[in-house]
Structure formats: structure tokens, C-alpha cells
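Engineer: Just a sequence and a predicted model for now, questions to come.
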Amino acid sequence: MLELKHLVAGLLAACMVSGCTPRRPGEVPALVEARDAQAVVVQTDTGPVRGVASAQGRAFLGVPFAAPPVGALRFRAPQPVAAWTRVRDATQAGPACLPRYGFGHKHVSEDCLTLNLYAPPGPAPAHPRAVMVWIYGGALQLGSNVDYDLSALAARQDVIVVAPNYRLGVFGFLAHPALRGEGEGAYALLDQQAALRWVQRNIGAFGGDAHNVTVFGESAGAWSICYQLVSPGAKGLFQRAILQSGSCLSADSSIARNAAEDGGTRMAQALGCASDADAAACLRALPADALADAKPQRRGLTGRDSWAPISGGDVLPVPPAAAIASAQQVQVPVMIGTNRDEGRLFAQLLSYVGGLTLRSGYASRVERMHPEANHVMAQYADIAAQSRWNAYADIVTDGSFACPTRRLGRALRTQAPVYAYEFDDPQAPYGLLRVPFSPPLGAYHASELVYLFQRPWVLSGRPRFTAAQQTFSTTLQDYWGAFARTGEPNGDGRPPWPRFDGDAPLLLSPQGIGPATDFVQRHRCAFWDAHADARPPALP
């Protein structure tokens, strides 16, 4: 299993080669610096905040929703933030959470539990607006709300969009016997719930409807939402959910408490916190940088030395797959889907890591991903005979994204409406890297975000859409916005989106919208469904 940090190193190398321009620390959405921007003050339950209003919309950035999780509050459930009386500036985003692996950001901190809020221009309407809460991805180890400018989505869809940070890596998921009863091993999920409770208490002051909240997220953000669907603490905090390229049905999507604690104990010992009696105090006293580089010493959702929440605790009493199988999830309408070429981004990243090639290392890569590697390689032998790069990319797409997400949709549809999609654009703009890849990446992992937000992911500037892509971007936004407002994506003359029948999702593409009738065959879901009980392919 290729370690995530190596892939991120490759990603950053690609960024330097391609000349991409990451957002700078503290960079703000364009509406904040608009010529007509004016200060606007809103009273929250902890104090007044000053944001910006312009013809493009309103923004409140870096608003704290929980106390800084530092010192004695490290490795504990989020606590209420201290109130303030003076007007607090909310025109700059807060720091990203540690650990942070790049994209040019230097502003990182444990004190990171802040949110960004985007609202349409003009005064609050007579009827409160629907609310969308964005949970970013990044393998539960990297990412930040500052990576996404959500102002265009808020303005066009007449919704309020909220994007909280949450703790990452060791800070969000460490388990240890000394930490039991304090949110052990699932602090990140509790951060997300704390942000949703902030929305419940405060969104009315910004013109939002606390009873019409949709959570949406991509990759690890979708995993997070899948966890929240089955977490007792999230019940009643949202009414709809959108999961983009992420499922929580795999055996590795959560870690049994004993296994997580064994790994946490070994990690603590390696850090000099060997005594069980004072392990909690010792871990809380360590420098943040020392912890940020620590490895979990166990297998997680993205493979060896990676992180996932524990099951068997208060946050996730049972593994998500077991909870969903017994219909314990929150029964809300769900939109769920994947991209046609998810795995191509991961395959391409290998070429930016020295010595890691698919020409000579294909078998070893697959063996690290799956315990039944021989069966997997036999299934994809026809593709590998032409291109091992394509075979590897397809294995990741099919086994880690397309087929597990279809299984999740089939399970959820028995209790609530499900709308399933597959996004496809062979010429999707690069929202992360400005480099002409060969072979082209197509509808790679996270490529739909460029269309949904009409902004590059991480990069500054605007995407270069063709006329057809611009029209499709508007349609995609309209589907998402309609679902957030009403619980179904249809209306206003868009191509109809039927409820998921358990077979074919809706194909969303600039080239046309309609049933993806070849989905099951193309992604070899009969094979992957038959091997669903085996450890699934880890993300590379």
C-alpha cells in the first residue's frame, strides 16, 4: 500500500512542475475584496462577527464554533467556545488543522475549529434559506475549508453554505485506553457534529433555516457523512445528505476499539508516553509537531499507517456497515455518486513519485491494495495486457469507488429516497494541476468539484470551461441546489432524475444526461460485489 504522504509528495511535485498557483495563506474569496464590499455585522450566540457584503454575496470567515482543542482539550470532544463582546473580525479564514501536507499553505494550527459561511447577496429573505454544510475531503489527513470558495454556489442556488474545519490525522482519530470516555478515536466526527450544532443555534441570524440542512462532502468528506448517518450524536442535525465519491461499507472504514487502542499504545510508547497511568497527560503535553508526524501503526481506511474512526465507542457504537445493514442509519433523502475515472488521478500521481512505476510494479501495487490480488489481476488481465496504468486506475475506480458506492445506495434506498449519479467528462478541467496529462485523466477523482463550485479546487482563478461545460456546470449546481431545498433534484426543465432503482445511476455529463445503463458491467460490479467481504482495495 503506497503511503499517503508519498502520494502527496508526488502531488506537490506535480504542482511545482505544472506551475500551479495554490491559494495563499489567508487568501479570501473575490467577493471579500470587491470594490463594493461593505462590512456587515451579525450577532451569534457567542458574540458579534463582522463579515463582508457585496453584490457577489456575503461571507463570514474564520468564525470559531468550538474552543481551541489544545493543551488539556487535546484528544477530547470539542468544548464550547468562550464568548466575546467586541465585534470579531470575520474577513479572513482561520488556519488549517494539523497535520497539513501542503498546497502552499503555511498557516496551520491545532487551534483550527473555525468555519466559513457564504450567503447570497442582499438582505435576509422573508422565508429562511436552505443550508448546505460542506465537509471537505483529504483522506482524513489533510484538507481545509480554505481550499474551497463556495460563494458562487451560495449565490446561484440562493442557499447558505457553511464549511467547517475538523481535526485531522492523529489529532482527529487517536485511540488509547487512557482516552476512553472523551470522544476517543472520533474527535473529527465530533467536531463536525459541533459545527452542525452551531448551525442549529446560529444560522437563523444569517437568514438560514435550521430545519432545512443538507450535509455534502467529497471523498473523505463523503466518508464522514456516511459515518454521521449512523452516529447517534448526529441525529436531527441534518435533513438530507450528499455523498460524492465515498462509502463507509468496507471493513476498514472503521477500526475496532481494541485494534485502534493497540496501535495507539504502540504509537504513544514510540513518543515516550509508555506509562498507562499518565499516558493521557503525556500525549497532551507533547509538541504538536511531534504528534503530527506520528504514525498510527495499524491499518486504516486508506491502508497501512492511516487513520479511521473507531467503532465500539459512543460516536460509532457499531461498524457503519453493520448499522446500515440493520437500518440504524438516519433515514433522510440521499444523493450519492462517483466519477467515471476516479482512479486515474491516483495512478497518475505514482508517476510523480521517484521509482514508483506501474510498468514494473503493477503486481506489487495490487498486492498491497487487496488480499486477493491474483483474482483481481486475473479479472483485469485484458486491460493490463494493453496498459497496466489503465488496469491499475480501473481497479481503484471500480473496487474503491464505483461498486462500493452502488452497494451503499442499494442499502440506503430501502429506507429513504436515494438519487444516484455517475459524473463523466473526458475533458474535465484540471482543478488541481495545470498540466496536460498523458493519458488524459478524464473524470478523475474530485473533478466534479470544479463544476459544482465553478472554482478550481485548491488553485486560484477560474476554470476554463467550454460553452457546453459552462452550461453543464449550471445544471449540476441546479441539481444540487434543488436537492438541498426540497429533497429531490428535479425541476425547472432539467432532464429528469429518477430515484435509484438499485441498478443504473444517472449519467451526468456535458455530453448528455441519462441512465448509465452500462455502469454495472463497465465497472465489473458483479466481481467486486462477490468479493465485498474481503478487504477492499485500499486507496493508493
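Structural biologist: Okay, I see it.

Engineer: count of neighbours near the closest residue in space to Pro80 that isn't next to it in sequence?
Structural biologist: For Pro80, ignoring the flanking residues on the chain, the nearest one in space by Cβ to Cβ, 6 or more residues apart in numbering is Ala67 at 6.3 Å. Glycine gets a C-beta too; all of them are placed from N, C-alpha and C. Residues contacting Ala67 under the criterion other Cβ atoms under 10 Å number 16.

Engineer: Pull the contacting residues for Ala67.
Structural biologist: 73, 78-82, 113 (Cβ atoms under 8 Å, 6 or more residues apart in numbering).

Engineer: Can you tell me which of those are buried?
Structural biologist: Neighbour-count burial (16 or more other Cβ atoms under 10 Å) applied to the contacts of Ala67 gives 73, 78, 81, 113.

Engineer: Let me have those in CSV, extended by secondary structure, distance to Asp252 and pLDDT.
Structural biologist: Below are the buried ones among the contacts of Ala67 laid out as CSV (DSSP: H, G, I helix; E, B strand; the rest coil; distance: Cβ to Cβ, whole Å; pLDDT from 0 to 100):
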residue, secondary structure, distance to Asp252, pLDDT
Leu73, helix, 29, 98
Pro78, coil, 26, 99
Val81, coil, 34, 98
Leu113, coil, 27, 99
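
Engineer: From Arg494, how far off is the nearest residue to Ser219 once chain neighbours are set aside?
Structural biologist: Among residues not flanking Ser219 along the chain, Gly137 sits closest, at 3.0 Å (Cβ to Cβ, 6+ apart). Per Cβ to Cβ, to the nearest Å, Gly137 is found 26 Å from Arg494.

Engineer: More neighbours: the two, which one.
Structural biologist: The residue with more neighbours, out of Gly137 and Arg494, is Gly137; 23 against 15, by other Cβ under 10 Å.

Engineer: is it true that the more buried one touches Phe216?
Structural biologist: No: look at Gly137 against Phe216 with Cβ atoms under 8 Å: they stay out of range, at 11.3 Å.

Engineer: can you count the residues close to the closest residue to Asp492 other than its chain neighbours?
Structural biologist: Spatial nearest neighbour of Asp492, chain neighbours left out: Asp478 (6.5 Å); criterion: Cβ to Cβ, 6+ apart. A count of neighbours around Asp478, defined by other Cβ under 10 Å, yields 17.

Engineer: Check for me that Asn374 belongs to a strand.
Structural biologist: No: counting by DSSP: H, G, I helix; E, B strand; the rest coil, one finds Asn374 to be helix, located in no strand.

Engineer: quick one: low-confidence ranges for the protein?
Structural biologist: Applying pLDDT under 70 to the chain picks out residues 1-28, 100-106, 297-305, 351-359, 431-439, 456-461, 534-540.

Engineer: Helices along the stretch 351-500 of the chain, start to end?
Structural biologist: Listed in chain order, the helices of the stretch 351-500 of the chain (DSSP state H, counting those that start in this stretch) span 358-369, 373-379, 381-384, 388-396, 403-412, 448-453, 467-486.

Engineer: quick one, phi/psi of Glu184?
Structural biologist: Reported as degrees, to the nearest 10, the phi and psi values for Glu184 are phi -40, psi 130.

Engineer: Hmm, Ala175 and it touching each other?
Structural biologist: Yes: at 5.2 Å, Glu184 and Ala175 qualify as touching, with contact defined as Cβ under 8 Å.

Engineer: which neighbours do these two share?
Structural biologist: Taking Cβ under 8 Å, 6+ apart as the contact rule, Glu184 and Ala175 both touch 257, 310.

Engineer: separation between Ala37 and Pro121?
Structural biologist: According to Cβ to Cβ, Ala37 and Pro121 sit 11 Å apart.

Engineer: where do the contact lists of these two overlap?
Structural biologist: Joint contacts of Ala37 and Pro121 (Cβ under 8 Å, 6+ apart) are 53-54.

Engineer: Please identify which of those two sits among more neighbours.
Structural biologist: Neighbours per residue (other Cβ under 10 Å) separate Ala37 from Pro121, with Ala37 holding more: 20 against 15.

Engineer: Count the neighbours of Glu422 for me.
Structural biologist: By other Cβ under 10 Å, 24 other residues sit near Glu422.

Engineer: Test my guess that it contacts Phe519.
Structural biologist: Yes: shown here, Glu422 and Phe519 form a contact pair, counting by Cβ under 8 Å, at 6.0 Å.

Engineer: Overlap of the contact sets of the two?
Structural biologist: Joint contacts of Glu422 and Phe519 (Cβ under 8 Å, 6+ apart) are 402, 505.

Engineer: that older thread, need the buried ones among the contacts of Ala67 in JSON lines with distance to Lys235, can you?
Structural biologist: Below are the buried ones among the contacts of Ala67 laid out as JSON lines (distance: Cβ to Cβ, whole Å):
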{"residue": "Leu73", "distance to Lys235": "25"}
{"residue": "Pro78", "distance to Lys235": "18"}
{"residue": "Val81", "distance to Lys235": "23"}
{"residue": "Leu113", "distance to Lys235": "22"}
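
Engineer: Specify which member of these is nearest to Ala96.
Structural biologist: Nearest to Ala96 among the buried ones among the contacts of Ala67: Leu113, at 11.4 Å, using Cβ to Cβ.

Engineer: before we move on, what SS does the closest residue to that closest one other than its chain neighbours have?
Structural biologist: Leaving aside its sequence neighbours, Leu113 sits nearest to Ala66 (Cβ to Cβ, 6+ apart; 4.2 Å). What three-state DSSP gives for Ala66 is coil.

Engineer: Can you give me the end-to-end span of stretch 130-144?
Structural biologist: Distance between the two ends of stretch 130-144: 23 Å, counting by Cα to Cα, to the nearest Å.

Engineer: go on, stretch 139-152?
Structural biologist: 26 Å.

Engineer: mind checking how far that stretch is from the chain centre?
Structural biologist: 8 Å (Cα atoms, centre = their mean, to the nearest Å).

Engineer: Give the buried residues for it.
Structural biologist: By neighbour count with 16+ other Cβ under 10 Å, stretch 139-152 contains the buried residues 139-152.

Engineer: Can you show me the helices along the stretch 151-300 of the chain?
Structural biologist: 151-157, 169-173, 187-202, 220-230, 257-270, 279-285, 288-292.

Engineer: With Val418 as the reference, name the closest of those helices.
Structural biologist: Nearest of the helices of the stretch 151-300 of the chain (Cβ to Cβ): helix 220-230, 11.8 Å.

Engineer: Surely Leu412 touches Val418?
Structural biologist: Yes: counting by Cβ under 8 Å, Leu412 touches Val418, with 5.2 Å between them.

Engineer: what is in contact with these two at once?
Structural biologist: Residues touching both Leu412 and Val418 (Cβ under 8 Å, 6+ apart): 334, 336.

Engineer: neighbour-wise, which of those two wins?
Structural biologist: With neighbours defined as other Cβ under 10 Å, Leu412 and Val418 compare such that Leu412 has more, 25 against 21.

Engineer: any chance you could map the strands in the stretch 401-540 of the chain?
Structural biologist: 418-423, 506-509, 512-515 (DSSP state E, counting those that start in this stretch).

Engineer: Dump those to TSV, plus distance to Leu283.
Structural biologist: Shown next, in TSV, are those (distance: least, Cβ to Cβ, whole Å):
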stretch	distance to Leu283
strand 418-423	41
strand 506-509	45
strand 512-515	51
